[in-house]
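Engineer: Dropping the sequence and predicted coords here.
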Amino acid sequence: MTIRFDEEHQLFHLQTPSMSYIFQALKGYPTQLYWGRKIKQAHPGRLLERVERASFSSNPIREDRTISLDTLPHEYPGYGTSDTRTPAYEVLLSSGASATELHYVTHRIEAGKPKLENLPAVYAENDQEAQTLIVELADELAGLKVELSYTVFEKFDAIIRSSRIMNISSEAISLQRALSASVDLPHDRYDMLQLSGAWTRERYIHR
């Protein structure tokens with residue numbers, strides 16, 4: 001069980017007994033790099049393809065044309081800022097605007113797993129069983145703050161995720177969409193298993 005932060009590359013590396021989850025604050029944009037078999041060392045240059053995008057893909061950073069919001073594997077994508085894929089969250093501001101753009105602000109690593117008030121959730125029996133990374137993102141112009149929570153357990157190959165969306169402005173914000181997490185998978189060659197069912201027919205497998 002470990003959560004590592006590489007300050008030089010702004011890189012987060014979460015490790016379970018046999019799995020790694022890696023993302024990076026790339027020029028302020030939380031970007032997914034890897035999710036798979038456990039690796040010892042993360043090399044961001046090898047995990048994310050950086051190529052110059054064509055003129056039809058907007059580049060928010062003038063001096064770096066390899067970054068396009070429409071192709072970047074976002075950790076928590078928003079709506080309305082040139083990314084045409086399905087967002088993880090969407091808000092409507094009092095001005096009528098719906099475009100917001102979250103940037104990395106800070107983070108902290110805590111022992112155990114914080115409770116989700118008034119919500120059902122996985123929990124840790126004690127603080128030695130788990131570690132939690134909380135990443136703070138913000139759009140200061142919109143008055144929006146989001147905390148992404150990642151909990152890694154000592155004995156389980158699972159990462160527990162949740163998102164907390166906060167209005168830090170003096171104006172009303174209407175929450176239109178809110179997901180716990182978003183994952184950009186590199187291709188479509190997967191089998192998806194769903195365990196649905198009913199009483200006396202629990203864990204019915206749908207592929």
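Structural biologist: Happy to help now that I have it. As the structure is a computational prediction, the values presented were derived from the model and not from experiment.
Engineer: For the chain, which segments count as strands?
Structural biologist: Assigned by DSSP state E, the strands in the chain fall at 2-6, 11-15, 19-26, 29-37, 89-93, 103-111, 130-139, 144-153, 159-167, 173-178, 194-198, 201-206.
Engineer: So which residue is smack in the middle of this protein?
Structural biologist: residue 75 (3.4 Å; CA atoms, centre = their mean).
Engineer: check contacts around that residue.
Structural biologist: By CB atoms under 8 Å, 6 or more residues apart in numbering, the residues touching residue 75 are 23, 30-32, 135, 148, 182. C-beta here means a position set from N, CA and C on the backbone, and glycine is covered the same way.
Engineer: picking up where we left off before, now render the strands of the chain as JSON lines, adding mean neighbour count, distance to residue 121 and mean pLDDT.
Structural biologist: Formatted as JSON lines, the strands of the chain follow (neighbours: other CB atoms under 10 Å; distance: least, CB to CB, whole Å; pLDDT from 0 to 100):
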{"stretch": "strand 2-6", "mean neighbour count": "15", "distance to residue 121": "19", "mean pLDDT": "93"}
{"stretch": "strand 11-15", "mean neighbour count": "21", "distance to residue 121": "18", "mean pLDDT": "96"}
{"stretch": "strand 19-26", "mean neighbour count": "22", "distance to residue 121": "19", "mean pLDDT": "95"}
{"stretch": "strand 29-37", "mean neighbour count": "18", "distance to residue 121": "21", "mean pLDDT": "93"}
{"stretch": "strand 89-93", "mean neighbour count": "20", "distance to residue 121": "19", "mean pLDDT": "96"}
{"stretch": "strand 103-111", "mean neighbour count": "15", "distance to residue 121": "15", "mean pLDDT": "97"}
{"stretch": "strand 130-139", "mean neighbour count": "21", "distance to residue 121": "12", "mean pLDDT": "97"}
{"stretch": "strand 144-153", "mean neighbour count": "21", "distance to residue 121": "10", "mean pLDDT": "97"}
{"stretch": "strand 159-167", "mean neighbour count": "17", "distance to residue 121": "7", "mean pLDDT": "96"}
{"stretch": "strand 173-178", "mean neighbour count": "13", "distance to residue 121": "15", "mean pLDDT": "96"}
{"stretch": "strand 194-198", "mean neighbour count": "9", "distance to residue 121": "19", "mean pLDDT": "86"}
{"stretch": "strand 201-206", "mean neighbour count": "9", "distance to residue 121": "21", "mean pLDDT": "86"}
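Engineer: one step back: confidence score at the residue nearest to the centre of the chain?
Structural biologist: For residue 75, the model assigns a pLDDT of 95.
Engineer: For it, which non-adjacent residue is closest in space?
Structural biologist: residue 30 (3.5 Å; CB to CB, 6 or more residues apart in numbering).
Engineer: ok, now residue 174?
Structural biologist: Of all residues not flanking residue 174 in the chain, residue 92 sits nearest, at 4.2 Å (CB to CB, 6+ apart).
Engineer: So the one you found sits against residue 98, correct?
Structural biologist: Yes. Using CB atoms under 8 Å, residue 92 is in contact with residue 98, at 5.3 Å.
Engineer: Find the residues that touch each one of those two.
Structural biologist: residue 176.
Engineer: coming back round to it: which one of the contacts of residue 75 sits closest to residue 12?
Structural biologist: residue 23 (5.4 Å; CB to CB).
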